[in-house]
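Participant: Pasting a predicted model and its sequence here:
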Amino acid sequence: MRAIVIHRFGGPEELQLAEVATPEPGAGEVLIRVVLAGVNPADWKCREGRLQHYFNYQFPFIVGFDAAGVVERVGESVTEYAVGDTVLTSSNQGRGEWGSYAEYVKSSTANVARLPKGIDFAQGATIPTAGATAWGAVHDVGAVKAGQKVLINGGSSSVGIFAIQLAKAAGCEVAATCGPANLDFVKSLGADHVINYRSEAVLEATAAWAPEGVDLLVDAIGLSSLPADSTRVIRPGGALVAIATLIQDIGGFDAALAKSRDVRLLSNMAAAARIPEHLRAVVDAVAQGRVTTPPYEILPLEQAGEAHRRVADGHVRGKLLLRVGAG
């Protein structure tokens, strides 16, 4: 099969088109013919070797968590899916196995969901990692309740887009940060207050919007885009949830200040064992119309390196997808 592989850690130039053996699904797994693969920030970090503490992987390696496609084969004991089913998936890359930048990807059924009615392959490919991450941050680790105030740092990112909508659907008031080009877009997602991080001081703007403090802050950007003392805008008893694969995550915040204010510093990975539940929950939310999928742009598989450069630059609205096969 055709695939984008890396033979060593490094820059985008390490992503090379190659012919490799098609994997075989084992017990509890399905083989999916990939139509579109999603590109996530975790993908370029995987390519650079930054995720080695999460899983072991050996070269040649195929990067990629997300895909949408068609079930090609099913492994032993699989009864919930059949050949020809249209599905989306978060691949087994998190176990150190080949990812989704390939004509075929093997996935555990726990990380597979059927495409909802009315959702095409492109929309489906935007969901797995971003959607499940947002659900985990807002609902599982963040445990939001109706009437609370939530700040999303990175409202136009794929995680931020899902997080805003999930918090609004839960009955929360939501503020979100973004750049000037995305102000109207983020408002259209339902954000009650939008902060232009280029012209406003984020913490001061948040404090003006929520004088008693927000209940939850979800940092969907990292990269030290928020000050270390950001917990000062969170009310006592509230929480800051950081996405574990970001640079910088929890370690970028003042732990002593958080403790003194009774604010919890939490990682979305605290609920990692429940990621399959998060995936299904957000797919259900999309199917029910409570959440819409992010906007996307499709690039050819051969331009995986360019996709990584753009995602690493941090200013993509929504998702970049790679066209792998017909569908």
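Facilitator: Received, thanks. This structure is a prediction, so every number in the text was calculated from the model and none was measured.
Participant: Tell me the spacing between the residue lying farthest from the centre of the chain and residue 214.
Facilitator: No residue in the chain sits farther from the centre than residue 260, which is 31.0 Å out by CA atoms, centre = their mean. Noted for residue 260: a distance of 18 Å to residue 214, by CB to CB, to the nearest Å. C-betas here are computed from N, CA, C, even on glycine.
Participant: hmm, back to that, could you tell me the backbone phi and psi angles at the residue farthest from the centre of the chain?
Facilitator: phi -70, psi -20 (degrees, to the nearest 10).
Participant: Strands along the stretch 151-300 of the chain, start to end?
Facilitator: 173-178, 193-196, 214-219, 234-242, 264-267, 296-300 (DSSP state E, counting those that start in this stretch).
Participant: rank these by pLDDT, which is bottom?
Facilitator: Looking at those, the lowest mean pLDDT belongs to strand 264-267 (a mean of 94).
Participant: Check what contacts that one and list those residues.
Facilitator: Around strand 264-267, the neighbours that count as contacts under CB atoms under 8 Å, 6 or more residues apart in numbering are 141-142, 231, 238-244, 249-250, 253, 255, 258.
Participant: could you dump it to CSV, C-alpha only?
Facilitator: The C-alpha trace of strand 264-267 is given here as CSV (Å, rounded to 0.1, in the frame of the first residue of the first chain):
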residue,chain,number,x,y,z
ARG,A,264,-6.9,22.4,40.2
LEU,A,265,-4.3,22.0,37.4
LEU,A,266,-5.4,19.0,35.4
SER,A,267,-4.3,17.1,32.2
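Participant: May I have the secondary structure class of the residue nearest the centre of the chain?
Facilitator: For the chain, the residue nearest the mean C-alpha position is residue 130 (2.2 Å; CA atoms, centre = their mean). Under DSSP: H, G, I helix; E, B strand; the rest coil, residue 130 falls in the helix class.
Participant: let's number from 715 now, not from 1
Facilitator: Yes, from this point I'll number from 715; that puts the last item at residue 844.
Participant: and it, what does it touch?
Facilitator: 752, 754, 871, 872, 873, 875, 876, 1008, 1033.
Participant: Turn those into CSV, columns for pLDDT, distance to residue 991 and neighbour count.
Facilitator: Formatted as CSV, the contacts of residue 844 follow (pLDDT from 0 to 100; distance: CB to CB, whole Å; neighbours: other CB atoms under 10 Å):
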residue, pLDDT, distance to residue 991, neighbour count
752, 98, 20, 31
754, 94, 19, 24
871, 94, 22, 29
872, 95, 20, 31
873, 96, 17, 30
875, 98, 21, 31
876, 98, 15, 30
1008, 97, 21, 24
1033, 96, 22, 28
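Participant: how far away is the residue farthest from the centre of the chain from residue 968?
Facilitator: The value you get for residue 974 to residue 968, if CB to CB is used, is 9 Å.
Participant: Who are the packing partners of the longest strand along the chain?
Facilitator: Identified as the longest strand of the chain according to DSSP state E is strand 743-753. Applying 3 or more CB pairs under 8 Å, 6 or more residues apart in numbering; DSSP states H and E, one finds that strand 743-753 contacts strand 780-788, strand 800-804, strand 818-822, helix 835-839, helix 842-849, helix 1018-1027, strand 1033-1037.
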